[in-house]
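K.L.:
dropping the sequence and predicted coords here.
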Amino acid sequence: MRHSIVLVLIVFFITPFIRTAFSQESVILQLILNEENKGDFFLYSAPDNDIWIKRDELDKLGLKEGLGKDIQFNGETFVSLASITGLEFSINHEDVSLVITAVPQLFKAHSVDISYKKPYKVTYTTGKSAFLNYAFIYDHETVDTLLDISGELGVSIGNYFGMSTFIYEDTEDTDDFLRLMTNITLNNRDKLTTTTFGDFSASSGTLGSTAVLGGINFSKNFSIDPYLLKFPSLDLTGTLETPSELEIYLDNFLVRKEKLPPGEFSFSDIPATVGLGAARISIRDAYGREHIISKPYYYTDRLLKQGLHEYSYSLGARREDFGEKSFSYGKPAFLSFHNYGLSEKLTLGYTAEASDDLINMGQTASLLVFDLGVLDSVVAVSNSSEKTGLSGLLGYSFQSRNINIMTSLQSSSKEYSNLTMKPEDDKARLAFSSTVGTGGKRTGFITVGYTYSDFYESVTTSRIAVSYNKALTKQTTFFMTASESRAIETSDQIFLGLNIYFGKDVSGNLSLASRDGSETSKVGIQKSLPIGSGFGYKAEVENIHDDNDIDSDLQYQNKFGLFEAGFNNKVRDNGYRLAFSGGAGYIDNSVFLSRPVKDSFAKVKINDLEGVRVYYYGNEIDRTDKKGETIIPNLRSFHDNRIDIENRDIPINYTIPSLTRYISPSFRSGALVEFNVSKIQGIVGTVIMVIDGKKIPAEFAELHINTEDGIMEGLVGTEGEFYLENIPSGKHMAELVYRGKKCEFSIIIPESEEMLIDLGEISCKAER
C-alpha cells in the first residue's frame, strides 16, 4: 500500500514536466507583428497555447531586448511569448501565420535627427599663406586735402593667424603713421575655442563695458563651426502602433517625410524660425488611417542648448588714445562673461571686470516662459573709489509670424561704475525702451517704439517713433518713419521713401524728409559691384532749401584691385575723391596680386589648362591663366565654400574626376584647391610573337610595360591589337605572356601632343 501511494505521487508531480519536455511541436509560420510581415520563422508550439521563439530572433523584430522569460530547450535559448506583458498573439490557420500585437512601449524607441547633414565631402585646409591688403585714398575738397594710406598684413601657419593693421594720414595739419591692431590668434576646430595674443576688443556683457586691450583672450567661438546648432532645439515625440508614414509640418510648411516602425519616436533638431509657431505631425498607419499631432512651440536664439558653454576671458593693459597713438597702454584690466545652458529653457551666467581701482560683478539669466517669450535679467554690483553701486536690467522679447515685442527696463544707482563709466559720470536713474511691431505681407508691417531716460543730472529725454513698410510689388518697397523727440526742446521728424529694384543689380530710391518744418528730398540710383570683374556706381541728388547737392561715385574692380572715382558738388564744399585698393598674397610657394582679401582666399589650380572658367557659388570669378591658375579673394573662413569649374572649357582628351570642390579654410587663411584633371593619350599597335620562326598574333595575351611609376598592364585583343593610356614618353621594357610562353622587348613612346599614337606592328621572339 505504501509503495502504491509513492508511485501515485511520483506520477502526479512528474507528469507535467514530461508533458513540457516532450509535447513541443516545431512549426514554420509567417510572423505578422503589428500588421508588418516579418517573414517566416522557426517556432515551437508549447503547452497552454504558448509559442516559443528563439531569443536572438526575437531581438531582431525591433522589440526591446530582455523581454519575456528565457527557456532552455535543445541547447538553445527560447522566449515564451505568453510571458511578455502587453503582447498578444494568435495563429491564423487560413494563411498559416502567427499574428502578434504588441503595445508601442515594447518596441525600441526610434530617434531621427533632422539637423542639417552635409551631402558632400568637405576639405578642411591648413598650411602656410600670407596676404597684404592696401588702400590709397586721395580726397580733395575746397576746405582740406587728405591722403590716406592703410594696410593690413596677415600670415597664417596651420591654425595660427598673425595680423597687423596700420594707417598713414597726410593732411595740411598732420603727417602721421599709426599702428592699429596687432595680434596672433589660435583657433581650435575640435573644441571651438579661440586664443588671442596681442590687441583685441574685450567685453563683459550688457551692464559691463567694452575696451581694447593688449594682452590675452580665451573664448568660446561658435563661428568656427557655423553649422552647429547652439540654441535649444525643437524636438517632437509620439507613439506608433503600426508601421506608419509621417509628415512633419512647421507653420504649414513640410520639412520632413519619414517611414517608421511601431514604437515611440522622436525627431530632434528640427529647423525652425525664431518665434512662436505651430508644429504638426501627420501620421498614416498601416490601415490607411490618418492621425494628426499638433503642438505649439517657441523657438529662440537667446538661450543656449542644454550643456553648452559660451564664455570670454580677457586680461591685459588698456589701449589708450587708440587711433591716435601707436603704442599707448594704460593700467591692466580684466573682463569676462560666462553663460551656461542649464536646461532647454534656462540659461545662467555671470559677468566680471576689474582694474586696480574697480571691481564689477554681475549675474545673468534668460528664461523661456512657456510659449510666451523670453525673459532676460541682469544684476551687477560695482565698487570703485570706495563707492558701491548697483544696476539691474529686466528685458522681455516675443516674436511670432505677425507680432514682434521687445521691452527693457534698466535702473542704475548714481555710484554704479564699470571700466568706461566712473561713479561721478552722469547716468540714467531709469531707462525704459519698448518696441512693438505687427503686420503681414498683404497689410505691410508697422512698428511703434518708445524710449525714456531719466538722468541724475541731465535733462529727461523721451522719443516715440512709428515706422511702416510694405512691398508694393516684387521690385518696389515703400517705407515711412515718423518720430517725436523730447529733451530741452521738442523735435518732430517724418521720412517717406521708395526703393525700386530695376534688375541686374541696379536699384533706385526716392525720399522726402521733413524735420521741424524743414524739407529735404533725395533721388538716387546705384549698381552694386559683381562678384567677379565689372563696374558699380552710385549717384544721388539731394535738394535742401532749393539747393541741389550732388554726390556720385564710380567703381571698377578686376582681378588686381578696386578702382574708385567720386565727385561731389555741394553748397558749402565740392571736390573729388580717388581711391585704389588691392591685395598681394602668398600661397603654394608663389606670390600673386588680387583684389583686397577680406576674409580667406583660395588659389585654384587646374593643371596647366588655360582659359577654364572658375565659379564661386555659381558666380564666375575668372578664367585660369597660362599656368592653369586663378585666385578667389573672397572665401568665408570656416564655411563650406563651393568652387566649380566649367566642364565645357576642359578639352575632350582630359579626364575630370570632379567639377566641384567644397573647401573650409581656417581663419583668414589661404587654401590651395587643385582639380586634378589629367590628359588622356591613347597608345595603339599590334604585337606579334615569333615562335619557331613563325609570326603569330598574340591574341588575348597579357602585356606588361615597366615605367617609372610602376608596371602598366593590358590585354591584347584579336589579331594582336592592343590599347593603353598615358604611358610616359621614352623607351620602356615590356613583356608579353602568351599561352604559357614569354617574350621581352622594348617599346618606344614618342613625345607627341596627339590624342592617339599608333606604334604600328611590334614583334618579339618567344623564349624557348
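P.N.:
Cool, the structure landed.
K.L.:
what does the helix or strand in which residue 297 is found contact?
P.N.:
When elements are assigned from DSSP states H and E, residue 297 belongs to strand 290-299. Residues outside strand 290-299 that contact it (Cβ atoms under 8 Å, 6 or more residues apart in numbering): 231-232, 234, 236, 238, 272-285, 368, 370-373. Quick note: C-beta positions are derived from backbone N, CA and C, even for glycine.
K.L.:
same check on stretch 444-462?
P.N.:
For stretch 444-462, the external contacting residues (Cβ under 8 Å, 6+ apart) are 404, 414, 426-439, 463-471, 478, 485-488.
K.L.:
can you give me the strands in the stretch 501-650 of the chain?
P.N.:
Read by DSSP state E, counting those that start in this stretch, the stretch 501-650 of the chain holds these strands, from start to end of the chain: 506-515, 518-527, 534-544, 547-558, 561-569, 574-587, 590-594, 600-605, 613-616, 619-623, 629-635, 641-645.
K.L.:
pull out the buried residues from the longest one.
P.N.:
Judged by neighbour count (16 or more other Cβ atoms under 10 Å), strand 574-587 contains these buried residues: 575, 577, 579, 581, 582, 583, 584, 585, 586, 587.
K.L.:
in the sheet, which strands lie alongside that strand, parallel or antiparallel?
P.N.:
When pairs are called by DSSP bridges, strand 574-587 turns out to pair with strand 128-141 (antiparallel), strand 561-569 (antiparallel), strand 590-594 (antiparallel).
K.L.:
strand partners (parallel or antiparallel) of the helix or strand that the first one is followed by?
P.N.:
Just to be clear, that refers to strand 128-141. Sequence-wise, the next helix or strand downstream of strand 128-141 (DSSP H and E) is strand 145-157. Taking DSSP bridges as the criterion, strand 145-157 forms sheet pairs with strand 128-141 (antiparallel), strand 160-170 (antiparallel).
K.L.:
quick one: contacts of the helix or strand harbouring residue 88?
P.N.:
Element membership for residue 88, per DSSP H and E: strand 87-92. The set of residues external to strand 87-92 that reach it, using Cβ under 8 Å, 6+ apart, is 29, 32, 51, 67, 81, 97-103, 106.
K.L.:
please spell out the PyMOL selection for the buried subset of the contacts of stretch 444-462.
P.N.:
Selecting just the buried residues from these in PyMOL takes one command, with 16+ other Cβ under 10 Å as the test:
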select buried, resi 404+427+428+429+431+432+433+435+437+439+463+465+467+468+469+470
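K.L.:
sort out for me which of the contacts of stretch 444-462 are in strands.
P.N.:
Per DSSP state E, strands hold the following members of the contacts of stretch 444-462: 404, 428-439, 463-471, 478, 485-486.
K.L.:
mind listing what's buried in stretch 48-56?
P.N.:
Within stretch 48-56, the residues that qualify as buried by neighbour count (16+ other Cβ under 10 Å) are 51, 52, 53, 54, 55.
K.L.:
for the last one, what are phi and psi?
P.N.:
Recorded main-chain torsions at residue 55 are phi -60, psi -50, according to degrees, to the nearest 10.
K.L.:
for residue 714, what are its contacts?
P.N.:
Taking Cβ under 8 Å, 6+ apart as the contact definition, residue 714 lies against 702, 703, 705, 722, 723, 724.
K.L.:
how close does the second one get to residue 155?
P.N.:
So that's residue 703. The span separating residue 703 from residue 155 equals 52 Å under the rule Cβ to Cβ, to the nearest Å.
K.L.:
so these two - more neighbours on which side?
P.N.:
For residue 703 and residue 155, the more surrounded residue by other Cβ atoms under 10 Å is residue 703, and the numbers stand at 21 against 18.
K.L.:
that one contacts residue 722, doesn't it?
P.N.:
Yes - taking Cβ atoms under 8 Å as the contact criterion, residue 703 and residue 722 are neighbours in contact, 5.7 Å apart.
K.L.:
need the overlap of contacts for the two.
P.N.:
Between them, residue 703 and residue 722 have 687, 714, 715, 716 as joint contacts when contacts are counted by Cβ under 8 Å, 6+ apart.
K.L.:
and which of those residues is nearest residue 760?
P.N.:
For residue 760, the closest of these turns out to be residue 687, at 10.4 Å, with distances computed as Cβ to Cβ.
K.L.:
wait, a helix at the closest one?
P.N.:
No - following the definition DSSP: H, G, I helix; E, B strand; the rest coil, residue 687 is strand and is not counted among the residues of a helix.
K.L.:
show me where the stretch 101-250 of the chain has strands.
P.N.:
110-113, 122-125, 128-141, 145-157, 160-170, 175-188, 193-203, 210-220, 234-240, 244-250.
K.L.:
quick one: closest of the strands paired with strand 145-157 to residue 570.
P.N.:
Across the strands paired with strand 145-157, residue 570 has its closest neighbour in strand 128-141 (9.2 Å, Cβ to Cβ).
K.L.:
this structure - how does it break down into domains?
P.N.:
Taking automatic domain parsing as the domain assignment, the ranges for the chain are 2-106, 117-179+529-678, 233-299, 682-765.
K.L.:
format the ones you listed as JSON lines; extra columns: mean pLDDT and distance to residue 339.
P.N.:
Formatted as JSON lines, the domains of the chain follow (pLDDT from 0 to 100; distance: least, Cβ to Cβ, whole Å):
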{"stretch": "domain 2-106", "mean pLDDT": "81", "distance to residue 339": "38"}
{"stretch": "domain 117-179+529-678", "mean pLDDT": "89", "distance to residue 339": "21"}
{"stretch": "domain 233-299", "mean pLDDT": "91", "distance to residue 339": "17"}
{"stretch": "domain 682-765", "mean pLDDT": "84", "distance to residue 339": "57"}
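K.L.:
so can I have JSON lines of those domains showing distance to residue 455?
P.N.:
Written out in JSON lines, the entries for those read as follows (distance: least, Cβ to Cβ, whole Å):
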{"stretch": "domain 2-106", "distance to residue 455": "63"}
{"stretch": "domain 117-179+529-678", "distance to residue 455": "33"}
{"stretch": "domain 233-299", "distance to residue 455": "34"}
{"stretch": "domain 682-765", "distance to residue 455": "80"}
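K.L.:
can you check which of those gets nearest to residue 512?
P.N.:
Distance to residue 512, taken as Cβ to Cβ, is lowest for domain 117-179+529-678 among these, at 9.7 Å.
K.L.:
for the residue positioned nearest the centre of the chain, give me its contacts.
P.N.:
With distances taken as Cα atoms, centre = their mean, the chain has residue 227 as the residue nearest its mean C-alpha position (3.1 Å). Applying Cβ under 8 Å, 6+ apart, one finds that residue 227 lies in contact with 116, 118, 640.
K.L.:
look at residue 519 and report its pLDDT.
P.N.:
As predicted, residue 519 sits at a pLDDT of 88.
K.L.:
quick check: which of the strands paired with strand 145-157 is nearest to residue 495?
P.N.:
The minimum distance between residue 495 and the strands paired with strand 145-157 falls on strand 128-141, with 27.7 Å, by Cβ to Cβ.
K.L.:
got the buried residues for that closest one?
P.N.:
The neighbour-count check on strand 128-141 (16+ other Cβ under 10 Å) flags 129, 130, 131, 132, 133, 134, 135, 137, 139 as buried.
K.L.:
and for stretch 448-468?
P.N.:
Neighbour-count burial for stretch 448-468 flags 449, 451, 452, 453, 461, 463, 465, 467, 468 (criterion: 16+ other Cβ under 10 Å).
K.L.:
JSON lines for those residues, including distance to residue 268?
P.N.:
Listed next are those as JSON lines, based on distance: Cβ to Cβ, whole Å:
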{"residue": "449", "distance to residue 268": "37"}
{"residue": "451", "distance to residue 268": "40"}
{"residue": "452", "distance to residue 268": "43"}
{"residue": "453", "distance to residue 268": "44"}
{"residue": "461", "distance to residue 268": "48"}
{"residue": "463", "distance to residue 268": "44"}
{"residue": "465", "distance to residue 268": "41"}
{"residue": "467", "distance to residue 268": "38"}
{"residue": "468", "distance to residue 268": "40"}
